[in-house]
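1. my questions concern the predicted model and sequence given below.
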Amino acid sequence: MTDPPRPSTPSSGTPTPRARWLDRRAAAIVLLVAVLAVALVAGWLRFFAPRSAPKGVTMTDLSGVNDLKARFNADRGVSRLVVIFSPT
């Protein structure tokens, strides 16, 4: 009869030093990949994203709901996008 394989952690539930090292190494790799991904996206946005809106595109500051309703109804038959920014 053969002995069953030994668990990587002792029966007390604390991980062995090798298991802790592997956990730290995995966490460091995940952190490195995340930082690299953020740096790549930031670099792409810095050099390849448009600096300003295309000509003819404007943003209108509305003073009330009636202004929004009038602008919305004036563009009947055209695709419209309403974006609401909240300070909170």
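-> Right, received. Where do you want to start?
2. for the one helix or strand residue 28 maps to, the distance to its chain's centre please.
-> Element membership for residue 28 (DSSP states H and E) is helix 17-48. Averaging C-alpha positions (CA atoms, centre = their mean, to the nearest Å) puts helix 17-48 14 Å from its chain's average.
3. how far away is residue 50 from residue 57?
-> Going from residue 50 to residue 57 by CB to CB, to the nearest Å gives 11 Å. C-beta here means a position set from N, CA and C on the backbone, and glycine is covered the same way.
4. ugh, typo on my part, it should be residue 28
-> The value you get for residue 28 to residue 57, if CB to CB is used, is 44 Å.
5. and the spatially most central residue of the chain, what pLDDT?
-> When CA atoms, centre = their mean is applied to the chain, the residue found nearest the centroid is residue 38 (9.0 Å). Note on residue 38: pLDDT of 97.
6. ok, now how distant is it from residue 30?
-> Here the distance between residue 38 and residue 30 works out to 13 Å (CB to CB).
7. which stretches of this structure have low pLDDT?
-> For the chain, applying pLDDT under 70 flags the ranges 1, 4-15, 17-19, 21.
8. repeat the analysis, applying 80 as the threshold.
-> Within the chain, the stretches with pLDDT under 80 are 1-22, 50, 53, 59-60, 82, 87-88.
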